[in-house]
Every structure is written in structure tokens, then in C-alpha cells.
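Trainee: How does the following fold in three dimensions:
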Amino acid sequence: MTPTALLPIGVATLAAFMAGGLWYGPLFGKAWQAEQRLTEADKARASMPRLFATTLVCEAVMATGFGLLMALTGHDAQGKIMAALATAALFVIPSMVVNHSYALKSAKLMAIDAGHWLLVFVVMGLAFAALGG
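Mentor: Got it, this is the predicted structure:
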């Protein structure tokens with residue numbers, strides 16, 4: 001992997017992280033928390049630095065994988081965005097729905113989480129499209 005490939009991966013990772021912060025913060029944070037039955041006391045016990053670090057590492061892994069897929073397939077900018085949508089809609093979200101279904105999670109929670117993953121992959125696709133990664 002060349003140093004120029006690291007820029008789109010870094011930008012895609014940070015964009016995904018920020019999108020998640022917006023999604024699970026002001027947009028759907030309270031609804032998500034209610035569907036998960038999390039209290040403020042539960043949140044206070046969480047190690048936010050550890051959660052954020054784990055999220056960043058996992059999103060960097062996803063961005064790297066997506067970047068490798070884009071390098072192998074040679075998509076143009078529009079193709080990268082379409083590939084991001086397809087990855088989320090055809091792989092990530094169905095996997096998440098299966099897990100949520102077995103965990104007996106609500107349809108509302110599934111929709112919130114599915115929307116998050118769709119947004120994450122769209123912003124990753126946009127980052128790779130904009131930066132040519």
C-alpha cells in the first residue's frame with residue numbers, strides 16, 4: 001500500500017467516526033439509548049476512550065478493506081459510491097439484521113443501526129471518490 005493510499009483511508013475512517021457521532025448523538029442518540037434500554041448510569045460506567053478507540057480501529061479496518069476492494073476493481077468516483085452502497089445494503093446491514101433478530105432487538109433499533117451503517121459506507125465511498133483512493 002502506497003503512502004498516497006493512506007490519505008483516503010484516514011479521511012474515510014475519520015468521516016465514518018464523525019458520521020457515527022452525529023448519528024448516535026443528536027440525530028438518534030436518545031431513541032437508540034431507549035431501544036437498547038440503556039440508562040444514564042449505564043453510560044457513566046462505560047469507558048468512552050476505549051469505546052472510541054475500538055470504533056476508530058474497526059472503522060480503519062473497514063476503510064482499508066474498502067480501499068483494497070476499490071483498488072482491485074478500479075471503480076471511478078460514481079462506482080466507488082455505488083460500491084459503498086452495495087457493501088452496506090448487501091453485506092453489512094443483512095449481517096446486522098440477523099444478529100439483531102437473534103438478540104430479539106426491535107425493528108426500530110435495527111432501522112437506527114442499519115441507517116448508521118449505510119451512512120458510514122456512503123461517507124467512506126465519498127471519501128474514496130473525492131480523494132481517488
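
Trainee: Please count neighbours and contacts with C-alpha atoms only from this point.
Mentor: Fine.

Trainee: what helices or strands is the host helix or strand of residue 110 leaning on?
Mentor: In this assignment (DSSP states H and E), residue 110 forms part of helix 107-131. With contacts defined as 3 or more CA pairs under 8 Å, 6 or more residues apart in numbering; DSSP states H and E, helix 107-131 has these neighbours: helix 3-22, helix 29-36, helix 77-87, helix 93-102.

Trainee: my guess is residue 127 meets residue 7, correct?
Mentor: No: using CA atoms under 8 Å, residue 127 makes no contact with residue 7, being 9.4 Å away.

Trainee: so the helix holding residue 110 versus helix 3-22, what angle?
Mentor: Here helix 107-131 runs at an angle of 150 degrees relative to helix 3-22 (axes from the mean of the first three to the mean of the last three CA atoms, to 10 degrees).

Trainee: what's next to helix 107-131, contact-wise?
Mentor: 7-9, 11-13, 15-17, 19-20, 23, 28, 32, 35-36, 63, 67, 76-78, 80-85, 87-89, 92-93, 96-97, 100 (CA atoms under 8 Å, 6 or more residues apart in numbering).

Trainee: hmm, back to that, out of the helices and strands packed on helix 107-131, nearest to residue 51?
Mentor: Between residue 51 and those, the tightest spacing by CA to CA is seen for helix 3-22, at 11.5 Å.

Trainee: Before I go, just wanted to say thanks for your time.
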